[in-house]
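In: Whatever this is, show me its structure:
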Amino acid sequence: MILYDIYYHDAWRTHSSYGRQMITTTEEKAKEWLLENESEWYDEDDPKIEDLIEQALDQKFRYMTVKTIVCNEDGSVSW
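Out: This next block holds a predicted model:
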């Protein structure tokens, strides 16, 4: 199973500034939640939203990042 972990942070992505906002089980739910809360993370200097989750995974946005957490069948977890 893949979880989508959404973080807000400062523009320099310092670890101490990361704040978890949402964890969801599908890319669609992550996208829906992010679009509902767009005013909280989208900056005028950010790129145009075309493929929101892919852009977020690639850290294209100034104040928001999505990370994946993979829960493997053997019980191990990686991210």
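In: was I right about residue 6 contacting residue 22?
Out: Yes - with contacts counted by CB atoms under 8 Å, residue 6 reaches residue 22, the gap being 4.4 Å. For the C-beta atoms, the positions are set from N, CA and C on the backbone; glycine is no exception.
In: of these two, who's got more company?
Out: residue 6 (21 against 15; other CB atoms under 10 Å).
In: Pull up the pairing partners for the helix or strand in which that one is found, direction included.
Out: Mapping residue 6 onto the secondary structure by DSSP states H and E places it in strand 2-8. Strand 2-8 sits in its sheet next to strand 19-24 (antiparallel), strand 64-71 (antiparallel), going by DSSP bridges.
In: coming back round to it: shared neighbours, residue 6 and residue 22?
Out: Between them, residue 6 and residue 22 share these contacting residues under CB atoms under 8 Å, 6 or more residues apart in numbering: 30, 33.
In: Please name the bridge partners of residue 67.
Out: Beta bridges link residue 67 to residue 5 when assigned by DSSP bridges.
In: ok, and the closest non-adjacent residue to residue 11?
Out: residue 62 (5.2 Å; CB to CB, 6 or more residues apart in numbering).
In: what sits against that neighbour?
Out: Residue 62 makes contacts with 11, 43, 45-46, as judged by CB under 8 Å, 6+ apart.
In: Verify the stated contact: residue 59 with residue 9.
Out: No - in this structure, residue 59 is not within contact of residue 9 by CB under 8 Å, at 9.7 Å.
In: which residues do these two both contact?
Out: Applying CB under 8 Å, 6+ apart, one finds that residue 59 and residue 9 are jointly contacted by residue 65.
In: quick one, which of those two is more surrounded?
Out: Here residue 59 and residue 9 are compared on neighbour count by other CB under 10 Å; more neighbours surround residue 9, at 19 against 13.
In: For that one, grab phi and psi.
Out: When read as degrees, to the nearest 10, the backbone of residue 9 gives phi -160, psi 170.
In: Tell me who's in contact with the spatially most central residue of the chain.
Out: Central residue of the chain (CA atoms, centre = their mean): residue 66, 1.9 Å from the mean position. Contacts of residue 66 were listed using CB under 8 Å, 6+ apart, and they are 4-7, 30, 34, 53, 56-57.
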